[in-house]
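Colleague: sequence first, predicted model second:
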Amino acid sequence: MKIINKSRPILLIIVSLFYLFGMSIISSWAEQKELTFDNDLRYDVYYVLDDQPQYVANVKITDTVKIDGSILLAIQPPGINSGKTGYIALSRVRVILPVGSPKPQGLNSK
């Protein structure tokens, strides 16, 4: 009986360590996962800045980049040549929809 009582905390510690280790791996994979967007589609990107909903309409999403530890969407507005790119912090993005989709309701900060 005493062996079982001593093994429970050890088992709990081992399970907890596996869980914590697994969560860090999943988080790392999520950061490394590349987002892909259709090159032929244009998107409306809804984001939050200073607790105010914002959006950019009819943009082409060209890439995701990591700058100073932040992941950013690289976007091109219509009529801009391929040498000009704007960026939106992915952490601020709430919704990305193809142009013509209904506007989302209730955008707020996280």
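Modeller: Thanks, I have it.
Colleague: going forward, measure contacts between C-alpha atoms and count neighbours the same way
Modeller: Fine.
Colleague: and the helices in this protein?
Modeller: 2-32 (DSSP state H).
Colleague: the longest strand in it is where?
Modeller: Longest strand of the chain, by residue count under DSSP state E: strand 52-67.
Colleague: which residues are in contact with that one?
Modeller: Strand 52-67 is touched from outside by 34-37, 39, 41-48, 71-78, 99, 107-109, with contacts defined as CA atoms under 8 Å, 6 or more residues apart in numbering.
Colleague: CA atoms of it as PDB?
Modeller: Listed next in PDB are the C-alpha coordinates belonging to strand 52-67 (Å, rounded to 0.1, in the frame of the first residue of the first chain):
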ATOM      1  CA  GLN A  52     -10.200  49.500 -32.300                       C
ATOM      2  CA  PRO A  53     -11.300  47.200 -35.200                       C
ATOM      3  CA  GLN A  54      -9.500  48.000 -38.500                       C
ATOM      4  CA  TYR A  55      -9.400  46.400 -41.900                       C
ATOM      5  CA  VAL A  56      -7.600  46.500 -45.200                       C
ATOM      6  CA  ALA A  57      -9.600  45.500 -48.200                       C
ATOM      7  CA  ASN A  58      -8.800  43.800 -51.400                       C
ATOM      8  CA  VAL A  59      -5.200  42.900 -50.700                       C
ATOM      9  CA  LYS A  60      -3.000  40.000 -51.900                       C
ATOM     10  CA  ILE A  61      -1.300  38.100 -49.100                       C
ATOM     11  CA  THR A  62       2.100  37.300 -50.400                       C
ATOM     12  CA  ASP A  63       3.900  35.700 -47.500                       C
ATOM     13  CA  THR A  64       4.400  35.500 -43.700                       C
ATOM     14  CA  VAL A  65       7.700  36.800 -42.300                       C
ATOM     15  CA  LYS A  66       9.300  36.900 -38.900                       C
ATOM     16  CA  ILE A  67      10.800  40.200 -37.800                       C
END
